[in-house]
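Enquirer: based on what follows, work out the 3D shape:
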Amino acid sequence: MSNSGRLFSDPKSRIEALRVRLLEHNYRYYVLADPDVSDSQYDLLLRQLSELEAEYPQFYSPDSPSQRVGAVPSGGFSSVAHQLPMLSLKDAFSDQEVEDFDQRVRTTLELDEVTYCAEPKLDGLAVSLIYEQGKLIRAATRGDGHSGEDVTANVRTITAIPLRLRGNNYPDQLEVRGEVYMPLDGFQRYNQRALAKDTKVLANPRNGAAGSLRQLDPKVTATRPLAFFAYSGILPESYQPAPTTQFAVLQQLKGWGFPVNPETKIVVGNSGCAEFYQYLGGIRSQLNYDIDGVVYKVDKLADQELLGNVSRAPRWAVARKFPAAEEITQVLSISVQVGRTGAITPVARLQPVAVGGVMVANATLHNETEIRRKDVRPGDWVIIRRAGDVIPELVKVITERRETELAVWEFPKLCPICNSAIERVAGEAIARCTGGLYCPAQRKQSIRHFATRKAMDIEGLGDKLVDQLVDAGLIESVADLYTLSLEQLVSLERVADKSAQNLLEQLHKSKQVALPKLLYALGIREVGEVTATTLAETFGTLENLAQADLEALQAVNEVGPIVAAHVYEFFHEPHNQAVIAKLLAAGIQPQIVTAIAAGGPLDGEVWVLTGKLSVPRSQAKKWLLDLGAKVTGSVSKNTTALLAGAEAGSKLSKAEKLGVKVYTEEQFNQLLDEHGIG
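Expert: Below you'll find the predicted structure:
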């Protein structure tokens, strides 16, 4: 099956066959929820297609499945007018309001009973998709209903949205409207990765979807877990045979390759609407996406046309919203939780209360600023809300119920887990424990990060084994990994002699490590791979970096005062010093990095590398360092030059926009020849 593209002798036919096969796989995965190949088989087909398209660029097609990785970043979004207004729906907040809606519809249509198409109301972002000759040509947000933002490049990265329609019975022109959303499991995985990297997390799935779709760089959108459900289609009047109902339109869209919400149902009358509302409310917590209500649409399209619209909403549809569940309870105490990256989150411990059918005993207070803004104190009576099945939130303090003056809660200065200092960098809302490698609350995640391929690259040290080692008290920090014995490892459940021996060999192998990888492995806040490399190249040794003062750290290119403060604080925390000393005593030998050549012909210049080069990027980087240049990972106004290899992308665009000198590889080789290098 994976060789289907090889059944044709000429490249064009092979490419087209692979495109058709991949489109069919997308349809089975996203529309039918019935994939017939594994992820690895799909990836193999996609790689074959990409290689063929690279070899035969004359057969390029913008609707190819390979073209979902993102385009050149936009300088902003242009405004596009909708062919027909994207109207909002009138909200109903009670059964009576839905009954009134049904009564108005029946009266206007002079019917005793009306059939409705009922579907979940997704909490996402509405978009309009325009297809011509079966190919996606434009995508836009709702905007003000009359015009929206052109987000075509970003929408093209969403695999669930077909770039080319299935079959051959589609109209020459088609507009499809639907909701872009972020599945809950994807949202959780994204935030878990963000926490592991100590980067910004998404506030909630809806904000995540909206923010992802409005990224100026489509390559960023391509990394976000976005999905799509179609909820309407606008066909030209000439299209035959034309569907006559809303539900039939959705089935037609499904046949053309669009995902349609599987919970969409036909219901009859007000009683049918009420039953569907109860049904959906009952399974709401089991869905893999957020919904905030139910949408009822008159099913017959002729009846919709007869009912018409008011200024901003159709008369033939209504959205029955789920209530935001709220209750009043008392704050018994306020404590703090220590997250995996050291983030200190205050939590209100509540008198347990049932909110929306769930017993709630805790509510997040987010950060110290939020506590002060709401003036939350132990003993207060408060309003708690659960909306969208998210973590309970403390909405408001009922200050008039304070019978006596309550003490103001003081944010702790020391971590309640490890007693390390808590720091809060100016301009940031989140306070953090500085215990780093020492703090038990951060220990497991620190060890997992330490073992990753980009860090110490310790194969065989998976998440479950880390949990076992920490829970059994065999390790308290990453340094303890190097004191483990074969006997200790095999004493753990499901750890055999062979796997234990392999892990010990991997640990021994990891002792010879490049300094940048060790710095990255230590998990210093906001020190990723690029910053770790820059610090290593600037200071040369771990000892030099650990002894650097704030002024020296801030002088490093692209290391500002915030990152410098994180690095300085990390190396001056006694617990971290003890862990590093133990690592060195265990035989960790960070390889000294050759410092930037002072006084070289490129002294003071800042270079960035991008694209595919004919030599390893590390080699090109070494040549630049030998000439005295600094090499950084991103283009800025301080960048002197950009070396652009094949398939250069966003960095090249930014360099051209900023007027940075761009070197081709040929020009770069001439530069090296001039200075006798290479």
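
Enquirer: all helices of the stretch 351-500 of the chain, in order?
Expert: 368-374, 440-451, 463-471, 486-490, 497-509 (DSSP state H, counting those that start in this stretch).

Enquirer: out of those, nearest to residue 195?
Expert: Counting by CB to CB, residue 195 lies closest to helix 440-451 out of the helices of the stretch 351-500 of the chain; the figure is 7.8 Å. C-beta: built from backbone N, CA, C; applies to glycine.

Enquirer: then the closest one to PDB, C-alphas only?
Expert: This file holds the C-alpha atoms of helix 440-451, laid out as PDB (Å, rounded to 0.1, in the frame of the first residue of the first chain):
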ATOM      1  CA  PRO A 440      11.000  17.300  44.800                       C
ATOM      2  CA  ALA A 441       7.900  18.900  43.100                       C
ATOM      3  CA  GLN A 442      10.100  19.600  40.100                       C
ATOM      4  CA  ARG A 443      12.300  16.500  40.400                       C
ATOM      5  CA  LYS A 444      10.600  14.000  38.000                       C
ATOM      6  CA  GLN A 445      10.100  16.600  35.200                       C
ATOM      7  CA  SER A 446      13.700  17.800  35.600                       C
ATOM      8  CA  ILE A 447      15.000  14.200  35.400                       C
ATOM      9  CA  ARG A 448      12.900  13.500  32.300                       C
ATOM     10  CA  HIS A 449      14.200  16.700  30.600                       C
ATOM     11  CA  PHE A 450      17.700  15.900  31.600                       C
ATOM     12  CA  ALA A 451      17.500  12.500  29.800                       C
END
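
Enquirer: may I see the buried residues of it?
Expert: The neighbour-count check on helix 440-451 (16 or more other CB atoms under 10 Å) flags 441, 442, 443, 444, 445, 446, 447, 448, 449, 450, 451 as buried.

Enquirer: tell me the secondary structure at residue 607.
Expert: strand (DSSP: H, G, I helix; E, B strand; the rest coil).

Enquirer: check contacts around it.
Expert: Shown in contact with residue 607 (CB atoms under 8 Å, 6 or more residues apart in numbering): 624, 629, 630, 631, 632, 639, 640, 641, 642, 643.

Enquirer: okay, the buried residues of helix 440-451 in a markdown table with pLDDT next?
Expert: Formatted as a markdown table, the buried residues of helix 440-451 follow (pLDDT from 0 to 100):
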| residue | pLDDT |
| --- | --- |
| 441 | 79 |
| 442 | 81 |
| 443 | 83 |
| 444 | 82 |
| 445 | 77 |
| 446 | 85 |
| 447 | 90 |
| 448 | 87 |
| 449 | 89 |
| 450 | 92 |
| 451 | 93 |
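
Enquirer: out of those, which comes closest to residue 473?
Expert: Using CB to CB, residue 443 is the member of these that lies nearest residue 473, at 11.3 Å.

Enquirer: ok, for the closest one, nearest residue in space, not its chain neighbours?
Expert: Spatial nearest neighbour of residue 443, chain neighbours left out: residue 470 (5.8 Å); criterion: CB to CB, 6 or more residues apart in numbering.

Enquirer: what's near enough to touch the one you found?
Expert: 440, 443, 444, 447, 476.

Enquirer: so how far is residue 442 from it?
Expert: 11 Å (CB to CB, to the nearest Å).

Enquirer: ok, then the element right after whichever helix or strand residue 535 is part of?
Expert: Using DSSP states H and E, residue 535 sits in helix 529-539. Next helix or strand after helix 529-539 toward the C-terminus (DSSP H and E): helix 542-547.

Enquirer: quick one on the thing from earlier: how close does the residue nearest to residue 443 get to residue 440?
Expert: Distance from residue 470 to residue 440, by CB to CB: 8 Å.

Enquirer: identify the contacts common to these two.
Expert: Common neighbours of residue 470 and residue 440 (CB under 8 Å, 6+ apart) are residue 476.

Enquirer: now, among the contacts of residue 470, which is nearest to residue 589?
Expert: Nearest member of these to residue 589, counting by CB to CB, is residue 447, at 20.2 Å.

Enquirer: can you pull the contacts of the closest one?
Expert: 461, 466, 469, 470, 475, 477, 478, 481.

Enquirer: which of the contacts of residue 607 count as buried?
Expert: 624, 629, 630, 631, 632, 639, 641, 642, 643.

Enquirer: dump those to CSV, plus distance to residue 284 and secondary structure.
Expert: Output for these, formatted as CSV (distance: CB to CB, whole Å; DSSP: H, G, I helix; E, B strand; the rest coil):
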residue, distance to residue 284, secondary structure
624, 56, helix
629, 57, coil
630, 54, strand
631, 52, strand
632, 48, strand
639, 50, coil
641, 55, strand
642, 50, strand
643, 53, strand
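
Enquirer: can I assume residue 84 is in contact with residue 234?
Expert: Yes. Judged on CB atoms under 8 Å, residue 84 makes contact with residue 234 at a distance of 6.4 Å.

Enquirer: which of these two has more neighbours?
Expert: Here residue 84 and residue 234 are set side by side on neighbour count (other CB atoms under 10 Å), and the busier one is residue 234, at 15 against 11.

Enquirer: next, give phi and psi for that one.
Expert: Main-chain dihedrals, residue 234, degrees, to the nearest 10: phi -110, psi 110.

Enquirer: surely it touches residue 171?
Expert: No. Between residue 234 and residue 171 there is no contact under CB under 8 Å: 9.8 Å.

Enquirer: re earlier: now the buried ones among the contacts of residue 607 as TSV including pLDDT and distance to residue 321?
Expert: Output for those, formatted as TSV (pLDDT from 0 to 100; distance: CB to CB, whole Å):
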residue	pLDDT	distance to residue 321
624	86	59
629	82	59
630	79	56
631	78	54
632	75	49
639	88	50
641	92	56
642	93	51
643	93	55
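
Enquirer: which one of the residues you listed is nearest to residue 222?
Expert: Distance to residue 222 across the buried ones among the contacts of residue 607 (CB to CB) is lowest for residue 642, with 22.6 Å.

Enquirer: who's that closest one bridged to?
Expert: On the basis of DSSP bridges, residue 642 is bridged to residue 608, residue 662.

Enquirer: residue contacts, it?
Expert: Contacts of residue 642 (CB under 8 Å, 6+ apart): 607, 608, 609, 610, 635, 651, 652, 655, 660, 661, 662, 663.

Enquirer: by pLDDT, rank those and give me the bottom one.
Expert: Among these, residue 635 carries the weakest pLDDT, at 81.

Enquirer: done for today, thanks.
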